[in-house]
Each structure stands twice: as C-alpha cells, then as structure tokens.
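A.B. asks: take this sequence and fold it.
(one chain, ligands or ions: 1)
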Amino acid sequence: MIPGSFAYHRPTSVREAVGLLAQLGEDGRALAGGHSLIPMMKLRLASPANLVDLAGIAELKGIRAEGGDVVIGAMTTQHEIIGSDVLASKLPILRETSLQIADPQVRYLGTLGGNVANGDPGNDMPAVMMCLGATYQVMGKNGERRIAARRFYQGAYFTALESGDVLTAVRIPVPVAGHGYAYEKLKRKIGDYATAAAAVVLTMKAGKVETCSIGLTNVAETPLWAEEAAKMLLGSSLDAATVKRAVAAAETITAPASDARGPAAYRTKMAGVMLTRALSAALSRARG
Ligand SMILES: Cc1cc2nc3c(=O)[nH]c(=O)nc-3n(C[C@H](O)[C@H](O)[C@H](O)COP(=O)(O)OP(=O)(O)OC[C@H]3O[C@@H](n4cnc5c(N)ncnc54)[C@H](O)[C@@H]3O)c2cc1C
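C.D. replies: Residues are numbered from 1 along each chain as shown. Below is the predicted model of the structure:
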C-alpha cells in the first residue's frame with residue numbers, strides 16, 4: 001500500500017527538529033531509518049501529516065567512549081554498531097544483538113534511536129538496554145533530560161517520550177572487562193521478530209556470580225527487566241538447580257500474546273529456554 005500524503009521537513013540541528021516537532025504536535029513525527037515507521041504508514045496504522053527527517057543532523061551520529069560510559073548517537077545505524085571497534089571491545093553484546101535484527105538491508109538504515117524509541121515490544125535493543133542499565137538522552141521543548149531505559153517503556157508503542165521530544169543518544173555504562181554476555185533469540189526465520197529472546201550480562205568472581213542482569217524481548221507489552229530472577233543467581237556457580245529456579249522466576253513475569261509466533265504458554269517457555277542458553281553462553285565467555 002501507499003502511505004497517505006505528508007509534508008517532509010529536513011532540519012539540520014536538534015534544536016530545529018525539536019522546534020518543528022513541538023510546533024507540529026500530534027501532526028508531526030520524527031523519521032529516522034524509516035524501517036518501522038514507513039511500513040506502519042503503508043498499512044495506515046500511522047498517518048502523520050508531517051515527517052521530520054533526522055538524517056541531516058550530524059550531532060545525532062557517532063559512537064564515543066566518555067568516562068566509564070559509551071555514548072551512541074541516536075542516528076547510528078545497526079550496521080555501524082556491528083562494525084564499531086569501540087563496541088567490539090567494550091560492549092560486544094550490541095554487535096551480537098544487531099546481527100540478529102532483520103537482515104543487512106534493514107540494518108543499513110535502521111537506527112539505534114529508532115529501535116529504542118519505537119516502543120514495539122518486538123524490537124530487540126530495548127531489553128538489551130534495560131539489561132545494561134542504559135540511559136536515553138532526550139531533548140524536548142523544555143531542554144535536555146535523561147530517562148533510564150528501565151523506566152522508559154510504559155506499554156506497546158507507549159513510552160516516556162512526549163510530543164516534541166527527540167531522543168538524541170543512548171548512554172551505556174561499560175561493564176567491567178571480562179564480563180560475560182549473550183543475546184539469544186528464537187525466530188521463525190531470518191528477518192523475523194523474536195518469538196522470545198533473552199539478554200544476559202554477568203560478572204564472575206572465584207567461580208561465583210558476582211553481578212547479573214537479565215532482559216527479555218517480546219514476551220509482554222513492553223521489554224522486561226527480570227530483576228528478581230537475576231538476584232537469585234548471585235553467589236551461585238550457575239548450577240543447574242539454581243538456573244532452573246531463576247528461569248522459572250523470569251517466566252512468571254512474562255505475559256506474551258498468543259499470535260502467529262505461537263500460543264502464550266509456548267512463548268513463555270521459549271523465553272525460559274532462551275534465558276537458559278544466554279546464561280550458559282555468558283558464563284562460557286566470562287573471566288573470573
Ligand atoms: C523486514 C523487517 C524486519 C525487521 N526485524 C526486526 C527485528 O528482528 N528486530 C528489531 O528490533 N527490529 C526489526 N525491524 C525494525 C528495524 O530494526 C527498524 O529499523 C527499527 O525498529 C526502527 O528504527 P528506524 O531507524 O528505522 O526508525 P523509524 O522507523 O524511522 O522510527 C520508528 C519510530 O521511532 C520514532 N523515532 C525514531 N527516531 C527517533 C528519535 N531519535 N527520537 C524520537 N523518536 C524517534 C519515530 O517517530 C517512529 O515512531 C525490522 C524491520 C523490517 C522492515
């Protein structure tokens with residue numbers, strides 16, 4: 001289908017984009033890579049009268065280390081994440097996740113900012129950002145604010161973003177060197193959204209789990225941070241009995257829809273299977 005007609009705007013600064021979006025209100029929508037928004041417009045699930053394209057704003061691009069954080073500009077593409085040396089050394093889970101998003105054509109244009117701002121529970125990066133304790137930098141009509149990824153998602157396609165806001169960057173605290181990580185995703189075919197997926201970042205000390213964080217994708221209306229399940233693993237050697245209890249705890253916070261990817265009970269179980277695999281892979285990569 002062909003989208004409805006719209007006016008096209010191409011600001012060259014964040015300030016200009018925020019001004020335009022604030023002025024347009026509900027009639028305006030930010031456009032990043034367009035790989036979620038344009039399909040929705042074609043299906044007439046979205047009909048913005050104005051698109052404010054962020055592609056001409058240089059300050060929204062790039063990946064840099066800053067103190068103990070890595071800061072990734074919102075318009076950084078998934079393809080650029082895969083090729084980044086900074087991320088390969090400091091946050092390899094982002095490469096692993098990006099490689100499981102869609103296909104190379106989508107990844108050339110799809111951006112990190114669009115993926116996390118979209119609010120679709122099927123997007124892969126939000127659960128990873130919750131797992132990592134990331135913060136979103138947002139510029140709005142009243143200036144800049146920072147919102148923790150763990151507080152950002154309020155419902156399907158419903159986030160803490162307000163009319164006029166532009167998500168400018170994602171700020172991620174770098175986990176300690178030698179941390180274990182994994183993103184495990186079950187999908188029906190290449191290019192599919194997750195039936196269920198799990199992100200794990202952990203550190204080990206003398207063979208025991210010292211820190212652990214878990215995120216889950218597409219098994220509720222929002223991405224999930226499985227705080228209690230992760231706590232249950234602390235101090236353990238990730239023995240089978242403890243993992244089983246923690247996985248069961250993670251499964252209890254899921255509430256997936258029954259859809260073409262399977263009935264709800266199956267998707268909950270698959271979240272558990274993905275988490276079990278992610279814990280095992282993270283352990284095998286961790287030092288200490
Ligand atoms: C065939 C196909 C398969 C896909 N499979 C997957 C998959 O497996 N996993 C996955 O995670 N994604 C998948 N995607 C989605 C893809 O990753 C998108 O690129 C991504 O979800 C959105 O990024 P975008 O840059 O294209 O954003 P857009 O589509 O341009 O925007 C998405 C939404 O976010 C808003 N937005 C974008 N940037 C900003 C910003 N900086 N500030 C404020 N609001 C903003 C827009 O207004 C819009 O509402 C798939 C897409 C396709 C077409």
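A.B. asks: quick check: next helix or strand after whichever strand or helix holds residue 52?
C.D. replies: Using DSSP states H and E, residue 52 falls within strand 50-53. Downstream of strand 50-53, the first helix or strand assigned by DSSP H and E is strand 63-66.
A.B. asks: for that following strand, name the packing helices and strands.
C.D. replies: Under the contact definition 3 or more Cβ pairs under 8 Å, 6 or more residues apart in numbering; DSSP states H and E, strand 63-66 sits against strand 69-73, helix 85-90. (Glycine included, C-beta is placed from N, CA and C.)
A.B. asks: list the contacts of the longest one.
C.D. replies: The one in question is helix 85-90. Helix 85-90 has contacts (Cβ atoms under 8 Å, 6 or more residues apart in numbering) with 63-65, 70, 72, 81, 94-95, 174.
A.B. asks: and the gap between whichever residue of the stretch 151-288 of the chain sits closest to the ligand and residue 135?
C.D. replies: In the stretch 151-288 of the chain, no residue comes nearer to the ligand than residue 167, which is 3.6 Å away by Cβ to the nearest ligand atom. Distance, residue 167 to residue 135, using Cβ to Cβ, to the nearest Å: 11 Å.
A.B. asks: mind checking how far residue 88 is from the ligand?
C.D. replies: For residue 88, the distance to the ligand (Cβ to the nearest ligand atom, to the nearest Å) stands at 20 Å.
A.B. asks: now swap in residue 7 and tell me
C.D. replies: Distance of residue 7 to the ligand, given as Cβ to the nearest ligand atom: 15 Å.
A.B. asks: isn't that residue right up against residue 52?
C.D. replies: No - in this structure, residue 7 is not within contact of residue 52 by Cβ atoms under 8 Å, at 9.6 Å.
A.B. asks: so for those two, which sits in the more crowded spot?
C.D. replies: More crowded of residue 7 and residue 52, by other Cβ atoms under 10 Å: residue 52, with 23 against 12.
A.B. asks: tell me what the more buried one is bridged to.
C.D. replies: Taking DSSP bridges, one obtains residue 9, residue 30 as the residues bridged to residue 52.
A.B. asks: which residues touch it?
C.D. replies: Each residue near residue 52 by Cβ under 8 Å, 6+ apart is listed here: 9, 11, 17, 20-21, 24, 28-31.
A.B. asks: picking up where we left off before, the residue of the stretch 151-288 of the chain closest to the ligand and residue 209, how far apart?
C.D. replies: 33 Å.
A.B. asks: ditto for residue 68
C.D. replies: Taken as Cβ to Cβ, the span from residue 68 to residue 209 is 22 Å.
A.B. asks: more crowded one of those two?
C.D. replies: Per other Cβ under 10 Å, whichever of residue 68 and residue 209 has more neighbours is residue 209, with 24 against 10.
A.B. asks: hmm, the helix or strand hosting the more buried one touching the ligand?
C.D. replies: If you go by DSSP H and E, residue 209 is part of strand 208-217. No - for strand 208-217, no contact with the ligand is found by Cβ under 6 Å from any ligand atom; the gap never falls below 8.0 Å.
A.B. asks: adjacent strands (with direction) for that strand?
C.D. replies: Here, using DSSP bridges, strand 208-217 pairs with strand 196-205 (antiparallel), strand 224-225 (antiparallel).
A.B. asks: got TSV for these, with mean pLDDT, mean neighbour count and distance to the ligand too?
C.D. replies: Formatted as TSV, the strands paired with strand 208-217 follow (pLDDT from 0 to 100; neighbours: other Cβ atoms under 10 Å; distance: least, Cβ to the nearest ligand atom, whole Å):
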stretch	mean pLDDT	mean neighbour count	distance to the ligand
strand 196-205	98	25	9
strand 224-225	98	26	15
